[in-house]
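Peer 1: Following is a predicted model, sequence given first.
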Amino acid sequence: MASYETLLVERRERVAIITINRPEKRNALNIRTREEGASALEELREDDSIGVVVFTGAGDKAFIAGADIAEFAGRTALTQRAIMLGRSLFTAIDTFPKPVIAMVNGYCLGGGCELALSCDLRIASEAASFGQPEINLGIIPGGGGTQRLTRLIGEGRAMEMILTGEIINAETALRYGLVNMVVPASDLEAKTMEVANRIAEKSSIALRMAKEAVKLASRSSLDEGLRREIDLFALCFSSEDKDEGVNAFLEKRKPAFKGK
Ligand code: COA
């Protein structure tokens, strides 16, 4: 695995943990971090020994406090647009063929919230907080916040968060459906690894089909989604893992999936 200036990448059995490592800047996402994040995902994408990726932030204060605001100063509209139309870390997560979990350990703001929204699951510490505070800078969310947040928690709540820029606590985020679970800070890593390991044991082929199928729900008509679901379901029948899963059930044993 390549070494990165702004990230730490650690492998624990079938789980890779990518830690945004700029704690002195509350793990704000600068151009380099985004590039490195996308590169790390590219490496992990091809690595069959990894089944699940976890994103987190270094230190105990922040998951990610947003885009690096210092980079905004003096930037023209055209430069900003070109950067945003380039390789996107958020799209790389969204389209990554393996499950990605956000382990949210503190401030999860702006681009940090958008990164978490691009992930498939969000597990938060009780100390985490969430917000899209871009409006306070005279801008709006630009990394999918207006779209993914709205799809996840509904227009009323997304509108409230985006128009007020206010920060909500983990309990409210749970109530909004913005996170899947909230655990005490001291249990965050153990709980996240428990969930990640449980998922990583499944058939990587079935996981890939499941992620693709679920994502279709908000991106296609019901008819198209149901049709594509059948294709993806049937595709699982071409895998050895499907035979292993069915046989293991019939033989009353635990399946040993190979990702084939
Ligand atoms: N971009 C660039 N730098 C950031 C940053 C960001 N999004 N968030 C924090 N930092 C930097 C601060 O400028 C400060 O740098 P310095 O020590 O060189 O002055 C350092 O990180 C620590 O920040 P500080 O504000 O002192 O920490 P805090 O723990 O008191 O507060 C936050 C943390 C996250 C509440 C606060 O930093 C904040 O509001 N950040 C901006 C959030 C935001 O608007 N995000 C959306 C961006 S589009």
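Peer 2: Cool, the structure landed. Treat the numbers as computed from the prediction; the structure is a model and nothing was measured.
Peer 1: Let me see the confidence value for Ser3.
Peer 2: With respect to pLDDT, Ser3 has a value of 89.
Peer 1: Just confirm it is within a helix.
Peer 2: No: per DSSP: H, G, I helix; E, B strand; the rest coil, Ser3 lies outside any helix segment and is coil.
Peer 1: What count of nearby residues applies to it?
Peer 2: Number of residues near Ser3 (other Cβ atoms under 10 Å) recorded here: 8. Placement of C-beta: from N, CA and C, glycine included.
Peer 1: swap in Ala38?
Peer 2: Ala38 - counted by other Cβ under 10 Å - has 17 other residues nearby.
Peer 1: If I follow the layout properly, it ends up in contact with Gly86?
Peer 2: No: with contact defined as Cβ atoms under 8 Å, Ala38 and Gly86 do not form a contacting pair (9.7 Å).
Peer 1: which residues in the chain form helices?
Peer 2: In the chain, the helices defined using DSSP state H lie at 31-45, 77-85, 89-94, 111-118, 150-153, 155-164, 170-176, 188-200, 204-216, 222-236, 240-250.
Peer 1: hey, C-alpha coordinates of the third one in CSV?
Peer 2: Translated: helix 89-94. Taking Å, rounded to 0.1, in the frame of the first residue of the first chain, the C-alpha atoms of helix 89-94 are listed here in CSV:
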residue,chain,number,x,y,z
LEU,A,89,-13.7,11.3,-3.3
PHE,A,90,-17.4,11.3,-2.6
THR,A,91,-18.3,9.7,-5.9
ALA,A,92,-15.4,7.2,-5.4
ILE,A,93,-17.0,6.2,-2.1
ASP,A,94,-20.5,6.1,-3.4
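Peer 1: Tell me where the model's unsure across the stretch 151-260 of the chain.
Peer 2: Along the stretch 151-260 of the chain, the model assigns pLDDT under 70 to no residue.
Peer 1: ok, back up a step: so which of the helices of the chain comes closest to Glu134?
Peer 2: Taking Cβ to Cβ, helix 155-164 is the member of the helices of the chain nearest to Glu134, at 7.7 Å.
Peer 1: residues in contact with that closest one?
Peer 2: 130-132, 134-135, 140-141, 145-146, 149-150, 152, 166, 168, 176 (Cβ atoms under 8 Å, 6 or more residues apart in numbering).
Peer 1: And stretch 246-259, by the same measure?
Peer 2: For stretch 246-259, the external contacting residues (Cβ under 8 Å, 6+ apart) are Asp48, Gly51, Glu201, Lys202, Ser203, Ser204, Ile205, Ala206, Glu240, Asp241, Glu244, Gly245.
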